[in-house]
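Peer 1: build me a model:
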Amino acid sequence: MSSRVRPVDLIDDGFIDIARLSAGCSCGELSLIDGKPRMATIRCLEESHFITLSREDYAAALIEIENKKKAAQVNFVKNIPIFSKLTRTFLTRLSHFFKPLNCTKDYFLYREGDPADRVFIVKEGEFVVSKKLITDTSESNNIQDILENP
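Peer 2: Numbers count the residues shown, from 1 in each chain. Model prediction:
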């Protein structure tokens, strides 16, 4: 079930309503993906009109969506200077190894001293790089002096 879902908690005939769907929503895709029986009952509350996709057509649509995502990812990476000299064919093969990572505000991607096991490519958002400042306290205790006179 997707967008424009309005949760409700009405109990009717031994069923509990878990969502009300309106125009633009979809249902039934999980059963097509995992091959398991339907997990809920869908009942029209008013005269309704649907468009449907067969399992085969839905699978083809998912493949097409995935191919478009891969192409967009390759285009994005191709525009990064360190990857710009690589061919699209190579980047397409490499794209199978790209793993998405979504981070919340204040998430530490890694900390100074952590072992290096991957490179991070920022698709969206902003982050800060910081380094622990080690000073010789016998020379200066004033951080501003250190920053101004490296």
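
Peer 1: which residues in the chain form strands?
Peer 2: Taking DSSP state E as the test, the strands found in the chain are 11-12, 15-16.

Peer 1: out of those, which gets the lowest mean score?
Peer 2: Of all the strands of the chain, the minimum mean pLDDT falls on strand 11-12 (a mean of 56).

Peer 1: helices along the protein, start to end?
Peer 2: Applying DSSP state H to the chain gives helices spanning 29-34, 55-78, 88-95, 143-148.

Peer 1: figure out how far stretch 113-121 is from the centre of its chain.
Peer 2: Relative to its parent chain, stretch 113-121 has a centroid offset of 20 Å by CA atoms, centre = their mean, to the nearest Å.

Peer 1: how about that stretch as CSV, C-alpha atoms only?
Peer 2: Provided in CSV are the C-alpha atoms of stretch 113-121 (Å, rounded to 0.1, in the frame of the first residue of the first chain):
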residue,chain,number,x,y,z
GLY,A,113,41.0,6.3,13.7
ASP,A,114,38.3,3.9,12.3
PRO,A,115,39.6,1.4,9.7
ALA,A,116,39.0,2.3,6.1
ASP,A,117,36.8,-0.2,4.2
ARG,A,118,34.9,1.9,1.7
VAL,A,119,34.6,5.3,-0.1
PHE,A,120,31.6,7.5,0.5
ILE,A,121,30.0,9.4,-2.4
